[in-house]
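Trainee: I'd like to go over a predicted model; first the sequence, then the structure.
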There are 2 protein chains.
Amino acid sequence: MARIVMKFGGTSMAGTERIRRVAGIVKRQQEAGHEVAVVVSAMSGETDRLVNFCREADALYDPAEYDVVVASGEQVTSGLLAMHLQALGCKARSWLGWQLPVRTDDAFSKARIESIDSPELLASMAAGEIAVIPGFQGLTADNRVTTLGRGGSDTSAVAVAAAILADRCDIYTDVDGVYTTDPRIVAKARKLKNVTYEEMLELASVGSKVLQTRSVSLAMKEGVRVQVLSSFIDETAPPADSLPGTMIVSDAELEGLEMERQLITGIAADKNEAKVTLTRIADRPGAVAAIFSPLANANINVDMIIQNVAKDKGETDVTFTVPGADLARTQALLEARQEAIGYTRLICDSKVAKVSVVGVGMRSHAGVASTMFRALADRGINIQAISTSEIKVSVLIDEDETELAVRVLHTAYGLDGE
Amino acid sequence: MARIVMKFGGTSMAGTERIRRVAGIVKRQQEAGHEVAVVVSAMSGETDRLVNFCREADALYDPAEYDVVVASGEQVTSGLLAMHLQALGCKARSWLGWQLPVRTDDAFSKARIESIDSPELLASMAAGEIAVIPGFQGLTADNRVTTLGRGGSDTSAVAVAAAILADRCDIYTDVDGVYTTDPRIVAKARKLKNVTYEEMLELASVGSKVLQTRSVSLAMKEGVRVQVLSSFIDETAPPADSLPGTMIVSDAELEGLEMERQLITGIAADKNEAKVTLTRIADRPGAVAAIFSPLANANINVDMIIQNVAKDKGETDVTFTVPGADLARTQALLEARQEAIGYTRLICDSKVAKVSVVGVGMRSHAGVASTMFRALADRGINIQAISTSEIKVSVLIDEDETELAVRVLHTAYGLDGE
């Protein structure tokens, strides 16, 4: 017997027929002898509908009331899934965020989970009751409702898995695993059997969108084994242990699972980047801090940063990237500080994309970056910026060349399947 | 300065524009110097949508999970109204049923309020914050979500008014007061300036639908002054004290308000009745208990009961009415007990209506019932059952003759206006 957390996203919960299918999948997992907790998202489209009401109410809406409104979507699907499970003869009950409770900080609309109270939940599960838990929602110390930010249900699922010491957290999505790259771009993309937390983190943060980044960080921190698999399986199929999803595991576990690891695990592309260039900044101490401190204070994540070699007259250009959604705010912040920073021109470009090659294998191999640069150069793709980490090399290119770059790199690193 | 509870129904909360209007009405009440708590329903249509999901999930759905699902509708409108009030510059916050909390028994889907914790609420209101409270929802001692049954938001409003010792509970509806009868049936119906709790109780329970019966009982028990008025007023109009709604008051207060009270206050009709007849029941002690005990245990309200005079062979027929919505359950319960009860046939008829004449004036006047029977007989309307109370006479008739009966009686008791 294992203890398993299963998480279903909005597409899987969109309407009676789909929730019934989910109930079937959950039931089979229980029938296989496991203790089961299920974490659910709102029906797809529902959160958008609720967010719209909030925006219409007040452009600068109170995030605490926003959370009251949007948390309702997961409440609905939790109750409904419990009913569907009961209709199939299972014992089941919903546990709302404030009932467990899922304690969070009070950063409304982007709260972080601090703890999940589990004894009552575990007792109920041990008694054979399937626990249905709304994702995305929590409770402050003041007993106000919070939500974790869009896509927060993955994080809820991992947090529940950590709290109840689950053997596995199965994330059912509308894809059937993690691929070497987006199969819509590269038909020869292959599904990965295993991927490490760090690889997944890099793949997620650069746009793979299979899992929310925070959920992967949390899984890594708490050592939760996460499996990504498709919710569009036949609900009469064998339970998830034997389904061909992708397991997200630690480096150590990966070594036990795969003797020979390819150099590169996957290629990711992210078009939601924007490039900002400030020209002719005085090349003096503190100049760069004057640019990035206000952005950090405004919670804008700066990704790649390039400072060109100083030109004559002690001046330099600085280029960096921010999420496209933050470009307008970034521009406003920098324009207001033109004098303090001392730049000549502010140039923004949202028609860029970041393409990354990711793999724990590159730790022990040289030449990954040069292969990348050569492959792109051969096809005439111009690199505007470069950044690297231990297991990733990213380049910023023209947005129009994204798909071409991904295909070229997928082939260059030998990732193409049949 | 007064302390006022304002309640808005689903039609008033249906969408951004309407909630904005409600916020305007509430703001003006606060500007008039009052402490204000607002109780809201879900957007009209929303509860039906959620109930449908429950029915699709499981025909015999778990009422505890049903409550989790349907309570979400009021949660949404509470958060949104708080935002709309903030957008108008008011301080406001939502207080969900479990946050106050509104403690109820554990009769899921038709719970009864036991207490409302008010100190925190009162402190917030005293600090100038408008309290927005979702109607319909509560919390058991076990911290499970409950709802009060359809239309329960009126009861929530009265309970909140009682808990915070409000000076008045204003119920904003889609009609502008209580009429002598449904104006859609009788064009000459007149709006009543005042009506007693007991009259309102009889008018509500027989289908006037302006207020939920339980809310009126609670108001009577707790001595809450209730005002019914239209939410489709100009939100820039003077606050509700001076609006021409209907006040629901005690007998004693009514005497001070109206010297001359008409014999009959109003006529009500209810098509949501169903008639059940059991034939040839053994006329022995306990036979009737065998019929009605299981219905009482299943929380089915039996209204009119007629036991025909015993026929030969010690047998009798029993006819009674139940809410139409409970007919299927009633039928199932009785069929399962055919042997124990010992009846021959079970005959159900949902094509019936109950028409009632109501008025505290009839306490001191004879002849009310005979006027009714004669008026109906003159138009050939057949009476299938009769029941009376101190201030009401009701008859069960063919559903098709409902409107005709109401018109005939409205005229017969001299209620027609110009």
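Mentor: Everything's here; your move.

Trainee: contacts and neighbour counts: CA atoms only from here.
Mentor: OK.

Trainee: what sits closest to A:Phe320 if chain neighbours are left out?
Mentor: Spatial nearest neighbour of A:Phe320, excluding adjacent residues (Cα to Cα, 6 or more residues apart in numbering or on different chains): A:Ile305 at 4.3 Å.

Trainee: ok, the one you found - contacts?
Mentor: A:318-321, A:385, A:387 (Cα atoms under 8 Å, 6 or more residues apart in numbering or on different chains).

Trainee: now intersect those residues with the helices, please.
Mentor: Of the contacts of A:Ile305, none are assigned to helices by DSSP state H.

Trainee: just the residues you listed: which are in strands?
Mentor: Mapping the contacts of A:Ile305 onto strands (DSSP state E) picks out A:318-321, A:385, A:387.

Trainee: so which of those wins on neighbours?
Mentor: Neighbour counts for those (other Cα atoms under 10 Å in any protein chain shown) peak at A:Thr321, which has 25 neighbours.

Trainee: what about the residue of the stretch 301-418 of chain A found nearest chain B, how many neighbours?
Mentor: Relative to chain B, the nearest point of the stretch 301-418 of chain A is A:Arg329 (22.6 Å; Cα to the nearest Cα). By other Cα under 10 Å, 14 other residues sit near A:Arg329.

Trainee: can you tell me how far it is from A:Tyr413?
Mentor: 38 Å (Cα to Cα, to the nearest Å).

Trainee: on that earlier part again, out of the contacts of A:Ile305, which one sits closest to B:Leu376?
Mentor: Nearest to B:Leu376 among the contacts of A:Ile305, counting by Cα to Cα, is A:Thr321 at 82.9 Å.

Trainee: isn't the closest one up against A:Lys275?
Mentor: Yes - at 4.5 Å, A:Thr321 counts as touching A:Lys275 under the criterion of Cα atoms under 8 Å.

Trainee: next helix or strand past the longest strand seen in chain A?
Mentor: Criterion DSSP E: the longest strand present in chain A is strand A:266-282. Downstream of strand A:266-282, the next assigned helix or strand under DSSP states H and E is helix A:287-297.

Trainee: quick one: contacts of that next one?
Mentor: Residues contacting helix A:287-297 (Cα under 8 Å, 6+ apart): A:281, A:301-302, A:330, A:333-334, A:340-341.

Trainee: now do it, average pLDDT.
Mentor: For helix A:287-297, mean pLDDT is 89.

Trainee: mind listing what the residue of the stretch 101-250 of chain A found nearest chain B touches?
Mentor: Across the stretch 101-250 of chain A, the shortest distance to chain B (Cα to the nearest Cα) belongs to A:Asn143, at 7.0 Å. Shown in contact with A:Asn143 (Cα under 8 Å, 6+ apart): A:98, B:99.

Trainee: same for the host helix or strand of A:Tyr66, what does it pack against?
Mentor: According to DSSP H and E, A:Tyr66 maps onto helix A:63-70. Here helix A:63-70 touches helix A:46-57, strand A:145-147, helix B:72-87, going by 3 or more Cα pairs under 8 Å, 6 or more residues apart in numbering or on different chains; DSSP states H and E.

Trainee: other SSEs contacting the first one?
Mentor: Here helix A:46-57 touches helix A:63-70, helix B:16-31, helix B:72-87, going by 3+ Cα pairs under 8 Å, 6+ apart.

Trainee: before we move on, what about the second one?
Mentor: Identification of packing neighbours for strand A:145-147 by 3+ Cα pairs under 8 Å, 6+ apart yields helix A:63-70, strand A:137-139.

Trainee: geometric centre of chain A: which residue is closest?
Mentor: A:Gln212 (2.0 Å; Cα atoms, centre = their mean).

Trainee: just to check, that residue is in contact with A:Asp154?
Mentor: Yes - A:Gln212 lies in contact with A:Asp154 (Cα under 8 Å); the separation is 6.3 Å.

Trainee: rewinding a little: residues in contact with the helix holding A:Tyr66?
Mentor: Helix A:63-70 is contacted from outside by A:47, A:50-51, A:54, A:108-109, A:144-147, B:75-80, B:82-83, B:93-94, using Cα under 8 Å, 6+ apart.

Trainee: list only buried entries from those residues.
Mentor: A:47, A:50, A:54, A:108-109, A:144-147, B:75-80, B:82-83, B:93-94 (16 or more other Cα atoms under 10 Å in any protein chain shown).

Trainee: near chain B, which residues of the stretch 51-200 of chain A?
Mentor: Taking Cα under 8 Å from any Cα of the partner chain as the test, the list of the stretch 51-200 of chain A residues beside chain B reads A:53-54, A:56-58, A:61-62, A:65-66, A:68-70, A:72-73, A:75-84, A:86-87, A:93-94, A:99, A:143-144.

Trainee: outline the domain layout of chain A.
Mentor: What the record gives for chain A is the domain set A:3-257, A:266-412, from automatic domain parsing.

Trainee: wait, which of those is closest to B:Lys351?
Mentor: Judging the domains of chain A by Cα to Cα, what sits closest to B:Lys351 is domain A:3-257, at 32.3 Å.

Trainee: could you dump the helices and strands packed on helix A:46-57 into JSON lines with mean pLDDT added?
Mentor: Formatted as JSON lines, those follow (pLDDT from 0 to 100):
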{"stretch": "helix A:63-70", "mean pLDDT": "97"}
{"stretch": "helix B:16-31", "mean pLDDT": "96"}
{"stretch": "helix B:72-87", "mean pLDDT": "98"}
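
Trainee: dump the ones you listed to CSV, plus distance to B:Leu295.
Mentor: Output for these, formatted as CSV (distance: least, Cα to Cα, whole Å):
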stretch, distance to B:Leu295
helix A:63-70, 39
helix B:16-31, 41
helix B:72-87, 30
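
Trainee: for A:Ile397, find the nearest of those.
Mentor: helix A:63-70 (36.1 Å).

Trainee: and that closest one, which residues are buried?
Mentor: A:63-70.

Trainee: that older thread, restricted to strands, list the contacts of helix A:287-297.
Mentor: A:Ile281.
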